[in-house]
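# I'll drop the sequence and a predicted model, then ask my questions.
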There are 4 protein chains.
Amino acid sequence: MLDYQNILEEVAHEIKPYLGEGRVASYIPELANVEPNVFAMSLIDVNGNSFHVGDYQKRFSIQSISKLFTLTMAIQLIDENLWNRIGKEPSGTSFNSLVQLEYENGIPRNPFINAGALVVTDVILSQLQDAHQSVLEFIRTLAQKDDINFDFSVAKSEAQTGFRNHAMANFLKSFKNLEHEPTRVLNAYFHHCSIAMNTQELAKAGLFLANKGVQPSLPVPVLNTRQTKRINALMLTCGTYDSVGDFAYRVGLPAKSGVGGGILATLPGKFSICVWSPRLNEKGNSFAGTKALELFTTKTKLSIF
Amino acid sequence: MLDYQNILEEVAHEIKPYLGEGRVASYIPELANVEPNVFAMSLIDVNGNSFHVGDYQKRFSIQSISKLFTLTMAIQLIDENLWNRIGKEPSGTSFNSLVQLEYENGIPRNPFINAGALVVTDVILSQLQDAHQSVLEFIRTLAQKDDINFDFSVAKSEAQTGFRNHAMANFLKSFKNLEHEPTRVLNAYFHHCSIAMNTQELAKAGLFLANKGVQPSLPVPVLNTRQTKRINALMLTCGTYDSVGDFAYRVGLPAKSGVGGGILATLPGKFSICVWSPRLNEKGNSFAGTKALELFTTKTKLSIF
Amino acid sequence: MLDYQNILEEVAHEIKPYLGEGRVASYIPELANVEPNVFAMSLIDVNGNSFHVGDYQKRFSIQSISKLFTLTMAIQLIDENLWNRIGKEPSGTSFNSLVQLEYENGIPRNPFINAGALVVTDVILSQLQDAHQSVLEFIRTLAQKDDINFDFSVAKSEAQTGFRNHAMANFLKSFKNLEHEPTRVLNAYFHHCSIAMNTQELAKAGLFLANKGVQPSLPVPVLNTRQTKRINALMLTCGTYDSVGDFAYRVGLPAKSGVGGGILATLPGKFSICVWSPRLNEKGNSFAGTKALELFTTKTKLSIF
Amino acid sequence: MLDYQNILEEVAHEIKPYLGEGRVASYIPELANVEPNVFAMSLIDVNGNSFHVGDYQKRFSIQSISKLFTLTMAIQLIDENLWNRIGKEPSGTSFNSLVQLEYENGIPRNPFINAGALVVTDVILSQLQDAHQSVLEFIRTLAQKDDINFDFSVAKSEAQTGFRNHAMANFLKSFKNLEHEPTRVLNAYFHHCSIAMNTQELAKAGLFLANKGVQPSLPVPVLNTRQTKRINALMLTCGTYDSVGDFAYRVGLPAKSGVGGGILATLPGKFSICVWSPRLNEKGNSFAGTKALELFTTKTKLSIF
């Protein structure tokens, strides 16, 4: 049997030379304040064993990893009806591109690019009273941590400077693919992205994805088996911006990354794993995080392929 | 010598079968309220003679024709510096496309597409206290009519439903090609577009473009000769959305059209001419208006070519 | 343990209502001659057990499934150096699009679109004397069938009418991403595509992909474990044209499809599976074939996710 | 009255500092052999007076200026039917782009980009026995010079290395917008482009465009008045690649440029004018040639605007 703790420590050791590579996201001023060279990694297996290395108790902005949790909620709420308004294909373009939206009449390519997540947020707003709080509560429940919270300064920073997301929400609205006012959808979306968590909490919150939809701590499944497999498929084909092919090639795990430097990945049937290091590669994924996951799957010979 | 009055009447007669073709713009609800089959045409020559036919005293929403007047003001204010922020090339795409902006880093292709006019409006806002009123006063002075005014219901209608323009302004801002807040620029822009004028007033207001920059009624030139020629050149290559080639081929005059159904054209050295009919062809130019100008230049054998 | 034979028969039964949906590829005249409503499916597990249903002994044009075998050969020949000339990302556009090539300076997005396979063929031409025969021999060896052959009438039909592929090869050459003359590369490529095989032979030929690179009948591995995983990853993210996301979502297996109506898929560690039915969906994948694989993974609850 | 000779000499003097700017076209190896810093300019007015400066008797490769003569022939042969297969709009993209063709189903934007000229050549091939010789004879007749000829080494150089044009012809054929085999159309096209002429001959050959279609030396008009105006309109909106807007803005004359460094322009009713200097700006137009025409229209205050 694999000694995960030992392997994580090997990875943490071998990753050190890479911690200075890449650049911290700066398009939101608040995100640039993070200490750049930190590293953390957590693995939780389906039996509940957990393994950690580095700054695994330090919270960071989960950013686009929140798209995984909002998508899960939208699937719970309206299941396959979601696909009337969003595609399931890799974007082939940057995560914040408006080109694809224009060519495809306001249907975002997938739920993991910004445009898709805005539509997902709009769906939640239509179904629940409070899209802010309900998403936060869902994540708190999954992670079993009541003090997980929004980082209001990050949310505010993005609301004031995220003109491209404002453009996107208005563009979606012009195609009638938002039911609510763009500013209301954006406000909820920016709050979701601002949620601060550490790798331990994220690995735990994502465990149901590796466990056929069942979160061990919860009385009822989060999703059914089929829904769970399908979200894993979407993570693999759409979860890491426009480098999904390279990520699948090198790492071979379904994953969702965020510009805060976090990546949450799963090996269905085995474990969920979360890595964090803030410097990003040119595609917007954590530089050291991607490398660490590649080292991990190489060492363990574990992947979905 | 040509008998312009007689020719205008011939055109008005021959255009009748075409008045039912095309569709009135409906993306702004208020614009759809217009009587669809009307027709008007006015010609004013550089000696001050004027000729009219049809509903030439009936005002309509000038919409994008306002871009001609705001461009003129921006040239007066900062002249060639304008081209640091806007291109001079035909767009090759729809007037409200965001694709070109994304590929070209937020530099609109020309000042006559929406994105370009938003930047022009931003320039005016930076130079003058009140971009609303100053543009209105400029047009009143050119047309020598004090009761020309905004149509506030049109401006409001567009502010509430013009999500694509909201998207565009935010997109420009994300590329740092707006100095002011998107909503402020949009507010001014929507008011400019809402100005209501008739063909007589528009032909008069545009006379300086046919007269080397000199408006006969004004003590000083509006623009110098070179600036005037250059605006005419821009009208020819960029003034009629993505059908500039066909328009130059059929009509052969510099022109600026609007989705209200108006087209203002010039023959440098000779006259300015304005036509109005609300139904649009698939490119967004007045169907009967384009046809009427083609008939006019065919009958008179006058064009710039 | 799963009774694969029984499940294949269930699938074959349930698929019948779908056999009339979709359209046979007709862009190559010769391909249109196939009987449209046939169906076949073969599964071979890593222990050598094989299961079949339908017309599994009837050969068809493998078309783009050949890209899987030429890629394997190119990896054998130059391994990772291949990626200097080809990307690893899903195309996001049609398999025969030239747009992406123009925007990305002649680097095909991945080895499974036509442009990528032309570069792969060029690599083989540079390394081996005879790209025609060597590829055919490789496939014969994998399938252990000496009478597998080109369909020369299909190859000739495509050479005479495949102007888009001629355009693509010349375009690649203009970017200096072909070493050989376009016509020579095309000639080899068209022959590879024309190879005729049945589902039994294809499932057998692809078994090494499910078996860590080891083809049980051969004395040495076809690829090493890592290379094999990576080809599976590429199949998942790039193997089914611009519907990879939907295919992963519904089927959940690495796969490569061809316009002849075949799809070869793998479940790493378990089996390879091949399905054939000539009518295609609008993305160019076998309509009934995709549906059959979806039924199969639903019934068996087997997928990589 | 303007002293054209004196003005041409002023222009030739003032242009000297610019003769080292820009780069000679090198994509066809043979074109790179030209002496880079030469300059010539010829003007012929509608009364037959001619004025020259610089190396006006030195021949150069007319390249895309040939598109003006092949278009004229196609208009003579099938007139407006040409527009069933070619558009009349500025391309908005590079002269050799395949993107626009893909998005617009094989209809070239206009007859002055390469794709459009290939269709024009195909039209001539369908109407006349010998597209090579008939085009050459047409040009010889217009210029009244029997020794104008192809430069066979340039034509051969382009046939061997012009892979992008080969791609384009095959792409057009794939959309069924060529009647003849791509290689045959290309062969004729490359010969047209290779024709060598000097500025004196080109200005003379283009005089009919400034003279309502009448070439003074010929017994019958080349085109009728309307056709002539329309070709001038096309030159203005499409004649100088993707800088038509800037060219109209600065120069204000209908023009057609070639990568050999020549530009042929007209002032309808007045004169034709040809300039040559081989170094090109980044848009593919002669650097000094564009500047010289701008100086000329500034000094003379003559333009169509």
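Everything's here; your move.
# wait, what's in contact with the closest residue to chain D within chain A?
Taking C-beta to the nearest C-beta, chain D has its nearest neighbour within chain A at A:Tyr103, 9.1 Å off. (C-beta placed from N, C-alpha, C; glycine too.) Residues near A:Tyr103 by C-beta atoms under 8 Å, 6 or more residues apart in numbering or on different chains: B:Val99.
# try A:Asn49
Contacts of A:Asn49 by C-beta under 8 Å, 6+ apart are A:Tyr4.
# repeat for A:Gln129
Residues near A:Gln129 by C-beta under 8 Å, 6+ apart: none.
# quick check: closest non-adjacent residue to the residue nearest the centre of chain A.
Residue closest to the average C-alpha location in chain A (C-alpha atoms, centre = their mean): A:Ile65, at 1.7 Å. Among residues not flanking A:Ile65 along the chain, A:Gly258 sits closest, at 4.3 Å (C-beta to C-beta, 6 or more residues apart in numbering or on different chains).
# A:Tyr4 reaches A:Phe51, doesn't it?
Yes: in terms of C-beta atoms under 8 Å, A:Tyr4 counts as a neighbour of A:Phe51; the distance is 4.4 Å.
# overlap in contacts of those two?
Shared contacts of A:Tyr4 and A:Phe51, defined by C-beta under 8 Å, 6+ apart, comprise A:Leu43.
# enumerate the residues of chain A near chain B.
Taking C-beta under 8 Å from any C-beta of the partner chain as the contact definition, chain A meets chain B at A:97-99, A:102-103, A:163-164, A:166-171, A:173-174, A:182.
# which ones among those lie within helices?
If you go by DSSP state H, those have A:99, A:102-103, A:163-164, A:166-171, A:173-174, A:182 in helices.
# could you tell me how many residues sit around A:Pro29?
When neighbours are defined as other C-beta atoms under 10 Å in any protein chain shown, A:Pro29 has 13 of them.
# and whichever strand or helix holds A:Phe190 with helix A:163-174, angle?
Element membership for A:Phe190, per DSSP states H and E: helix A:182-194. Here helix A:182-194 points in a direction 130 degrees away from that of helix A:163-174 (axes from the mean of the first three to the mean of the last three C-alpha atoms, to 10 degrees).
# which strands or helices does helix A:182-194 pack on?
Judged by 3 or more C-beta pairs under 8 Å, 6 or more residues apart in numbering or on different chains; DSSP states H and E, helix A:182-194 is in contact with helix A:66-78, helix A:114-127, helix A:131-143, helix A:152-161, helix A:163-174.
# just checking, which helix or strand of chain A averages the lowest pLDDT?
The helix or strand of chain A with the poorest confidence is helix A:99-103; it has a mean of 89 (mean pLDDT, DSSP states H and E).
# CA atoms of that one as CSV?
Written as CSV, here are the backbone C-alpha positions of helix A:99-103 (Å, rounded to 0.1, in the frame of the first residue of the first chain):
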residue,chain,number,x,y,z
VAL,A,99,-15.2,35.9,-28.5
GLN,A,100,-16.7,32.4,-28.0
LEU,A,101,-19.9,33.9,-26.5
GLU,A,102,-20.4,36.2,-29.5
TYR,A,103,-19.9,33.4,-32.0
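# confidence score at A:Glu30?
As predicted, A:Glu30 sits at a pLDDT of 82.
# re the thing from before, from D:Pro90, how far off is the residue of chain A closest to chain D?
Per C-beta to C-beta, to the nearest Å, A:Tyr103 is found 21 Å from D:Pro90.
# grab the nearest non-local neighbour of the residue in chain A that chain C sits nearest to.
Nearest residue of chain A to chain C (C-beta to the nearest C-beta) works out as A:Gly92 at 2.3 Å. Ranked by C-beta to C-beta, 6+ apart and with sequence neighbours excluded, the top spatial neighbour of A:Gly92 is C:Gly92, at 2.3 Å.
# and the pLDDT at the one you found?
The model's pLDDT for C:Gly92 equals 78.
# that one and A:Ser97 touch, don't they?
No: counting by C-beta under 8 Å, C:Gly92 stays clear of A:Ser97, with 10.6 Å between them.
# hey, what's in contact with both of the two?
Listed as contacting both C:Gly92 and A:Ser97 by C-beta under 8 Å, 6+ apart are A:Ser91.
# now render the ones in helices among the residues of chain A next to chain B as a markdown table, adding distance to A:Leu234.
Shown next, in a markdown table, are these (distance: C-beta to C-beta, whole Å):
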| residue | distance to A:Leu234 |
| --- | --- |
| A:Val99 | 21 |
| A:Glu102 | 23 |
| A:Tyr103 | 21 |
| A:Phe163 | 28 |
| A:Arg164 | 23 |
| A:His166 | 26 |
| A:Ala167 | 25 |
| A:Met168 | 20 |
| A:Ala169 | 22 |
| A:Asn170 | 26 |
| A:Phe171 | 23 |
| A:Lys173 | 24 |
| A:Ser174 | 26 |
| A:Pro182 | 25 |
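# give me the buried entries from those residues.
Buried residues within those, counting neighbours by 16 or more other C-beta atoms under 10 Å in any protein chain shown: A:99, A:102, A:163-164, A:166-171, A:173-174, A:182.
# flag every residue of chain A that's near chain C.
Neighbours of chain C within chain A, by C-beta under 8 Å from any C-beta: A:87-93, A:100, A:109-110, A:225-226, A:228-230, A:232-234, A:236-238, A:242-246, A:248-249, A:252, A:254, A:268, A:298, A:301, A:303-305.
# hmm, back to that, surely the residue nearest to the centre of chain A is in contact with A:Ser257?
Yes: under the criterion of C-beta under 8 Å, A:Ile65 makes contact with A:Ser257 at 7.1 Å.
# got any residues that touch both of the two?
Jointly contacting A:Ile65 and A:Ser257 under the rule C-beta under 8 Å, 6+ apart are A:263-264.
# not counting stretch A:215-235 itself, show me its contacts.
Residues outside stretch A:215-235 that contact it (C-beta under 8 Å, 6+ apart) are A:46, A:48, A:68, A:71-72, A:75-76, A:79, A:88, A:110-112, A:141-142, A:144, A:207-209, A:211-214, A:254-256, A:265-266, A:268, C:245, C:248-249, C:252, C:298, C:301, C:303, C:305.
# what's the pLDDT at A:Met73?
98.
# and it, how many neighbours?
For A:Met73, the neighbour count with other C-beta under 10 Å is 21.
# show me the contacts for it.
For A:Met73, the contact set (C-beta under 8 Å, 6+ apart) comprises A:124, A:134-135, A:138.
# rerun at 10 Å
Applying C-beta atoms under 10 Å, 6 or more residues apart in numbering or on different chains, we find A:Met73 in contact with A:120-121, A:123-124, A:127-128, A:131, A:134-135, A:138-139, A:222.
# still on that earlier bit, so which of the residues of chain A next to chain C sit within helices?
Per DSSP H, those map to helices at A:100, A:225-226, A:228-230, A:232-234, A:236-238, A:244-246, A:248-249, A:298.
# got the domain boundaries for chain A?
Following automatic domain parsing, chain A resolves into domains at A:4-60+A:197-300, A:64-194.
# dump the ones you listed to JSON lines, plus distance to B:Ala159.
Listed next are those as JSON lines, based on distance: least, C-beta to C-beta, whole Å:
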{"stretch": "domain A:4-60+A:197-300", "distance to B:Ala159": "28"}
{"stretch": "domain A:64-194", "distance to B:Ala159": "12"}
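# and C:Val34, which of those is closest to it?
C:Val34 sits nearest to domain A:64-194 of all the domains of chain A, at 28.4 Å, using C-beta to C-beta.
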